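>>> 3D model of this:
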Amino acid sequence: MGQPEPASAVATAETNGGEKDKKKHERGLWPYVIVNFSYLLFTVTDGAVRMMVLLHARTLNFTAWEIALMFTLYEAAGVVTNLLAGVAGARWGIKATLLSGLTLQLVGLGMLLGWNNEWSKSTAITYVVLAQMLCGIAKDLVKLGGKTVAKLVTPDEKKGQLFQLVAVVTGWKNSLKGVGYFLGSVLLLWDSGPNGTWGAVFVLMAIIVIAYPWAALKLNKDLGRDKNKSNATLSQVFSLPPDATEKDKERYWNRNWLSLGRCFLFAARDCWFEVPLPIFLRDPVAGLGWSYPATGAFLGGYIICYGQVQANAMVILRPLQQFDKEQNIVPNKWHVVLWALLNIPPMLFIGGFIQWSAAFACALPPDGAHINATHEFVGTNVSPDLTYCDDAAITTRVVVLITGVTLFAFVFAINSAINSGMIAGYSTNASAAKNMGFYYMSNAAGRLCGTLLSGVLYSNGHFAACFWAGAVCFGITVVASLPMRDSGALRCGRRVSCCATGPDDAVVAP
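As a prediction, the model looks like this:
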């Protein structure tokens, strides 16, 4: 019989094995770090350019509807790009889609250097629409990598860890987009170049350039590729293979229903947030008459807080027994329903005040305190016989908006975190890119519909209706979530559990 190995030798072997496993794990996380580093830098420019275009156009007296038109191809391109990007990521890999997105963002930003303030409105809208279209395509190509790579570096059995990774990345992405909103509004004060925006554009282009070397030199070209080329086709996104298992079919339909709900979830937000709210904040007659930095700070603060709540959604969901990483407990469809319903009251609160409160029925006094002298413009939805607001009415407007938007941001962040984590859970490594593309295609469709609807409503003097429309969209999200098939119950703490839809009382995603 051989002599047993000395204890020291066994310990050394275990140590070496542990170090190898640690190094392997660290190498596996490098794609996650690199892709999301590029994604987060890109996000700053995405928020900044949107705010820059919106505020600059409003200064040139474009209406809410005309500004909404400027973003139509940005959102419409997202519908197509997300779908095709999912297939492209599966066929050519995440590295190719990421570098393509960064390049298109540079081109789209560069086009804004040619925006001539003397153009007619139709010419300017057409030009900016095309520039924003390239930025929209870029955003979705880059976003695909940021959303997919978390799935690729997480073992299938670690659903709780996957949910946490997706929530953290999405949350920080939104926080940095908020930083971009503020940056874009501040950079507009730097009046440079023929149209006054050159300095701002060059700063944003420099941020994109920083991300290039890491993505180009450090990423494997095979990251995210589906080795079975027959699966990396557009038809595979909308259909199941002949040999699909019952589990595959369940994931497929859950993805579809979740994506439909996501569409209306973001339509509900963009009915009032992307175009009407910043215009209202700047409007010196019917709104608040705030400056560029103040408007950017408010919107950026909303997005930063929203992003941080989203990144730390687990802290809120864990005491409610809706998430537990160690036990692989993650939200199910009942939590989508619950949190969507909770987003309706803030919409009714803000819409009700705007519709019936006297504080929103008066005009700001032309005393210089509420009008930006450098960039003065006239509100388009104000009756000339309105009385002037007193200080109490102005304070009421600010308090209502801050309270309602803060409540909305908190609940909406949980909504978004739950949805993003669930779509990753409904995917396999091979289908991750395609499913993310399909899911964010629905997201873009909702943003497009919400943006266009908001432009119509606000331009016709119906600011309150923007919030009523948001409440209706949340209701549709609830209805769209009910057909999803996943086991588990609605939990709101240790003692509250109901609506179980499967044999398990856990809240484990399929």
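>>> okay, CA-based contacts and neighbour counts for the rest of this
OK.
>>> ok, residue 258 - contacts?
Applying Cα atoms under 8 Å, 6 or more residues apart in numbering, we find residue 258 in contact with 419, 423, 439, 480, 481, 484.
>>> change it to 10 Å
Contacts for residue 258 were tallied using Cα atoms under 10 Å, 6 or more residues apart in numbering; they are 333, 336, 419-420, 422-423, 426, 439, 442, 477, 480-484.
>>> same deal with residue 192?
If a contact means Cα under 10 Å, 6+ apart, then residue 192 has 198, 199, 200, 201 as its contacts.
>>> and which of those residues is nearest residue 181?
For these, the closest approach to residue 181 (Cα to Cα) belongs to residue 200, at 12.3 Å.
>>> Just give me the neighbour total for the closest one.
25 (other Cα atoms under 10 Å).
>>> what do you get for residue 122?
Neighbours of residue 122 under the rule other Cα under 10 Å: 9.
>>> So which of the contacts of residue 258 are in helices?
In helices, defined here by DSSP state H, the members of these are 333, 336, 419, 420, 422, 423, 439, 442, 477, 480, 481.
>>> host element of residue 399?
helix 391-425 (DSSP states H and E).
>>> Just the buried positions in that helix, please.
For helix 391-425, the buried set under the neighbour-count rule, 16 or more other Cα atoms under 10 Å, comprises 393-394, 396-397, 400-401, 404-425.
>>> got a list of what the residue nearest the centre of the chain touches?
The residue at the geometric middle of the chain, judged as the C-alpha nearest the mean C-alpha position with Cα atoms, centre = their mean, is residue 174 (6.3 Å). Residue 174 makes contact with 40, 43-44, 47, 168, 180, 300, 302-308, 310-311, 413, according to Cα under 10 Å, 6+ apart.
>>> and it, what helix or strand is that in?
Counting by DSSP H and E, the secondary-structure element that holds residue 174 is helix 159-187.
>>> same check, this time on residue 221
Using DSSP H and E, residue 221 falls within no helix or strand.
>>> Phi first, then psi, for it.
Its backbone dihedrals place residue 221 at phi -70, psi -20, with angles given as degrees, to the nearest 10.
>>> burial measure for it, as a count.
There are 14 residues near residue 221, going by other Cα under 10 Å.
>>> Can you name the residues that contact it?
Each residue near residue 221 by Cα under 10 Å, 6+ apart is listed here: 92, 93, 94, 95, 96.
>>> Ignoring the adjacent residues along the chain, who's closest to residue 114?
residue 195 (8.0 Å; Cα to Cα, 6 or more residues apart in numbering).
>>> and if you look at residue 296?
Closest to residue 296 by Cα to Cα, 6+ apart is residue 182, at 4.3 Å.
>>> Does residue 393 touch residue 357 like I think?
Yes: in this structure residue 393 lies within contact range of residue 357 using Cα atoms under 10 Å: 9.2 Å.
>>> How about the secondary structure of residue 117?
On the three-state scheme (DSSP: H, G, I helix; E, B strand; the rest coil), residue 117 is labelled coil.
>>> Distance of it relative to residue 55?
Taking Cα to Cα, to the nearest Å as the criterion, residue 117 is separated from residue 55 by 13 Å.
>>> before we move on, what about residue 485?
Between residue 485 and residue 55 the computed distance is 44 Å (Cα to Cα).
>>> Between those two, which is the more surrounded one?
Applying other Cα under 10 Å to residue 485 and residue 55 shows that residue 55 carries more neighbours, namely 25 against 18.
>>> Work out for me the element that one sits within.
Secondary structure (DSSP H and E) places residue 55 in helix 7-59.
>>> any idea of the mean pLDDT for that helix?
For helix 7-59, the per-residue pLDDT values average out at 69.
>>> can you check stretch 182-202 too?
Along stretch 182-202, the predicted confidence averages to a pLDDT of 89.
>>> measure that stretch end to end?
Between the opening and closing residues of stretch 182-202 we find a distance of 16 Å, counting by Cα to Cα.
>>> which parts of it are buried?
Applying a neighbour-count criterion of 16+ other Cα under 10 Å, one finds 182-188, 196-201 buried in stretch 182-202.
>>> Appreciated, that's everything.
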